[in-house]
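Student: build me a model:
(one chain, ligands or ions: 1)
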Amino acid sequence: MTAQVIDGTAVARQVREDVAKGVQELLAAGGTAPGLATVLIGDDPASEVYVRNKRKLCVAAGMQDLHRHLPGDVGQEEAAALIDELAADPAVSGILLQLPVPKHLDSEALLARIPAEKDVDGLTAANAGLLAQGRPGLRPCTPSGVMVLLDEAGVSLQGAEAVVVGRSVLVGKPMAQLLLERNATVTICHSRTRDLAEVCRRADVLVVAAGIPGLVGADAVKPGATVIDVGIHRGENGLHGDVDTAAVAEVAGSITPVPGGVGPMTIAMLLANTLEAAKVQQGRGD
Ligand SMILES: Nc1nc(=O)c2c([nH]1)NC[C@@H]1CN(c3ccc(C(=O)N[C@@H](CCC(=O)O)C(=O)O)cc3)C=[N+]21
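Tutor: Numbering: from 1, shown residues only. Below is the predicted model of the structure:
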């Protein structure tokens, strides 16, 4: 038996179409087009590709592309001043500071200057705190994209055993919060977990966001489980995730591919967050 493949590309396209409709509705109701300010510091080629893709899809959804680029040797104060300028600009609905930033800069201090209502990445302490308290705010894009994929795949979360591998601020921790909010029983494991495979085998839903290529093999998966691979690694023969997809597909009930799984959802949810932020800022939130 081989697992059902969850098509992130198709689900992401649907989410982007819904966002584009929402933008048109906002305009028809007398609102203004949401504006997304992607901030890229330096010229890391991988980051440039990601940011270009975000900007392209932002424009395709009918939003304003308010991209800003700073040189790699910019000082902390100048970078902070740019964030402050975007924070004060009413045309800017959302600010995305592309990570990682050059090593000489303090990324946390920069993120802290993004107002919670413009934090479309859901990364600031204010939004992380709201999420931990079970109150609505802007949610981190990758974990909320995973939730949409689980819902689209018809996975039931109520009372389910969910295991998250990885505890990052960007993915692991907020992922656990979102699963908990849907009444799953959540276990978080990481590089120092004793017998990782044994813990993973408990999972009805296994989300792998460890950043280690091929970490999860077939021995770590319960037959019929849903496996979500958040990892993305560029190898000699293409992109790979944290899951040994070929082996795990023989055991799992459903699985996300890399590429074409979680990655496209991250960008789709960024656009959804930007629309939501614009609506709240224009007094049309719900
Ligand atoms: N402030 C911030 N927010 C982020 O959300 C953020 C970030 N910084 N820095 C880098 C990571 C990485 N990330 C991805 C987004 C889309 C794909 C994606 O679309 N992947 C495609 C493949 C794209 C390709 O071919 O390279 C796929 O998996 O099918 C991957 C990775 C967002 N990140």
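
Student: which one is V59 nearest to, not counting chain neighbours?
Tutor: Counting by C-beta to C-beta, 6 or more residues apart in numbering, V59 lies nearest to D65, which is 5.2 Å off, once chain neighbours are set aside. (Glycine included, C-beta is placed from N, CA and C.)

Student: surely that neighbour and L36 touch.
Tutor: Yes: with contact defined as C-beta atoms under 8 Å, D65 counts as touching L36 (6.6 Å).

Student: which residues do these two both contact?
Tutor: Shared between the contact lists of D65 and L36 (criterion: C-beta atoms under 8 Å, 6 or more residues apart in numbering) are residues R55, C58.

Student: where does the residue of the chain found nearest the ligand land in three-state SS?
Tutor: Of all residues in the chain, G263 sits closest to the ligand, with a separation of 2.2 Å (C-beta to the nearest ligand atom). G263 carries the three-state label helix when classified by DSSP: H, G, I helix; E, B strand; the rest coil.

Student: which non-adjacent residue is nearest it?
Tutor: Distance criterion C-beta to C-beta, 6+ apart; nearest residue to G263, sequence neighbours excluded, is I232 at 6.1 Å.

Student: residue boundaries of the helices in this structure?
Tutor: Using DSSP state H, the helices assigned to the chain run over residues 8-28, 45-60, 76-88, 107-111, 125-132, 141-152, 172-181, 196-200, 245-248, 262-281.

Student: hmm, the fourth one touching the ligand?
Tutor: No: contact of helix 107-111 with the ligand (C-beta under 6 Å from any ligand atom) is absent, the minimum separation being 8.4 Å.

Student: report the buried residues of that helix.
Tutor: S107, L110, L111 (16 or more other C-beta atoms under 10 Å).

Student: run a quick neighbour tally on the nearest residue to the first one once chain neighbours are set aside.
Tutor: I take that to be S107. Distances taken as C-beta to C-beta, 6+ apart put V101 closest to S107, at 4.8 Å, once the chain neighbours are dropped. A count of nearby residues for V101, using other C-beta atoms under 10 Å, gives 23.

Student: find the nearest non-adjacent residue to L97, please.
Tutor: If the residues on either side of it in the chain are set aside, L97 comes closest to V39, at 4.9 Å by C-beta to C-beta, 6+ apart.

Student: let me fix that: Q24
Tutor: Using C-beta to C-beta, 6+ apart, the nearest residue to Q24 is G62, at 6.5 Å.

Student: neighbours of the one you found, how many?
Tutor: When counting by other C-beta under 10 Å, one arrives at 18 neighbours for G62.

Student: quick check, it in contact with V23.
Tutor: Yes: with contact defined as C-beta under 8 Å, G62 and V23 form a contacting pair (4.1 Å).

Student: where do the contact lists of these two overlap?
Tutor: Here G62 and V23 have A33 as joint contacts, going by C-beta under 8 Å, 6+ apart.

Student: what sits against the residue nearest to Q24?
Tutor: Neighbour list for G62: A20, V23, Q24, L27, A33 [criterion: C-beta under 8 Å, 6+ apart].
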